[in-house]
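S.K.: Whatever this is, show me its structure:
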Amino acid sequence: MAPDEEFTAAIVDHVRATIGFEIELTAIEGVWQVTVETNDGEQTATRGFVTVRGVPLSGEYDLTAVEPTGESVHAAEWFDELPADVDAVPGTDVCLD
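M.R.: Predicted coordinates:
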């Protein structure tokens, strides 16, 4: 994301480029800032996370019919619960029932 780019536009553009369908963002579900540091405190890294809710404008999730304009993802799936072998990023829990 460019420093002068609106984050909602960046999300919509990223989904179009990597998954291949148009979405409309309907809500911001959460915003988090996470900072980690090395054991000695010499180095830190900070990341921001924004979790959004959206709907596909086509009303469908047919990933076999879309044509990404950028580097495509290998797989995309919808989950009702987080698989046991993945790392949860902040905000994951607001997306799963």
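S.K.: contact partners of the strand ranked longest in the chain?
M.R.: Using DSSP state E to assign secondary structure, the strand with the most residues in the chain is strand 23-37. Residues outside strand 23-37 that contact it (C-beta atoms under 8 Å, 6 or more residues apart in numbering): 8, 11-12, 15-16, 43-57, 90-91, 94-95. The C-beta positions use only the backbone N, C-alpha and C, and glycine is treated the same way.
S.K.: For ChimeraX, write the selection for the buried entries among these.
M.R.: Selecting the buried subset of the contacts of strand 23-37 in ChimeraX, with 16 or more other C-beta atoms under 10 Å as the burial test, is done by:
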select :11,12,15,16,51,52,90
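S.K.: quick revisit: and the helix or strand just after the longest strand of the chain, which strands flank it?
M.R.: Per DSSP states H and E, the first helix or strand lying C-terminal to strand 23-37 is strand 44-56. Strand pairing for strand 44-56, determined by DSSP bridges: strand 23-37 (antiparallel).
S.K.: quick one: buried residues of the strand it pairs with?
M.R.: Residues of strand 23-37 classed as buried: I23 (neighbour count, 16+ other C-beta under 10 Å).
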